[in-house]
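Novice: Predicted model, plus sequence, below.
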Amino acid sequence: MKSWVVRFASLYVFNVVVLLLIGLLLPSVSVGWASLWAGVILTAATIWLKPFVTRLFTGAAKKSASRRTFVGEKLVQYGIVFVVELIVWILVVVFSGVDVRGWFWGYVIPPILLLLAWVVYDLVDDRVESRTGAIYDRATGRRVAPGASAAATPSADAAETRDGLTPEQRRMLDELGS
């Protein structure tokens, strides 16, 4: 459970910042306080909907991949990524208070900016999630051993409650039995 909370929280904060930046950079997009709710929608769509829609479109595109050139295949892949981003952006606009004026500056450019932001997030997500995990642990009063990653903590906590052994101790016992 903690890993989902940490992932959602770190991505939520990142998405709110990205939405505010989109609102600042594009005069055709008004975000303001709606960024708080839009961040929830964007984060949920990113975690659960985006992978599903990407698989759906990629599976459909693979059926005709053998008939395309290398450049054609790359264009189809980029098109799929853009369409998925556009779907996520439209969901954010429809279900939040984000106001969009203009087709090009309101519906074409923001998905491209989201894509660029998620590339940046992908590069830093491990560090962001580990820092968010440390904040979560402090807030809940848990102690994480120095050098232990926040991502490994949920399974370690669950395993320790079953038999009192840490994952390292369990692995050593398993190796002795082999």
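Specialist: It's in.

Novice: Glu73 against Ala65, yeah?
Specialist: Yes: here Glu73 reaches Ala65: they are 5.9 Å apart, a contact under C-beta atoms under 8 Å. C-beta: built from backbone N, CA, C; applies to glycine.

Novice: Tell me which of those two has more neighbours.
Specialist: Shown here are Glu73 and Ala65; by other C-beta atoms under 10 Å, Glu73 has more neighbours (16 against 12).

Novice: and the more buried one, which of the three is it?
Specialist: At Glu73 the chain is in helix, as set by DSSP: H, G, I helix; E, B strand; the rest coil.

Novice: now the helices for this structure?
Specialist: Secondary structure of the chain (DSSP state H): helices at 2-25, 34-44, 50-62, 70-95, 103, 109-140, 153-163, 167-177.

Novice: mean pLDDT for the ones you listed: which is lowest?
Specialist: Mean pLDDT is lowest for helix 153-163 among these, at a mean of 51.

Novice: Look up the closest residue to Leu36, ignoring the ones flanking it.
Specialist: Val16 (6.5 Å; C-beta to C-beta, 6 or more residues apart in numbering).

Novice: What about the one you found, how many residues nearby?
Specialist: So Val16, with other C-beta under 10 Å, has 19 neighbours.

Novice: what sits against it?
Specialist: Ser35, Leu36, Ala38, Gly39 (C-beta atoms under 8 Å, 6 or more residues apart in numbering).

Novice: a markdown table please, covering those and showing distance to Ile22.
Specialist: Shown next, in a markdown table, are the contacts of Val16 (distance: C-beta to C-beta, whole Å):
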| residue | distance to Ile22 |
| --- | --- |
| Ser35 | 9 |
| Leu36 | 14 |
| Ala38 | 10 |
| Gly39 | 12 |
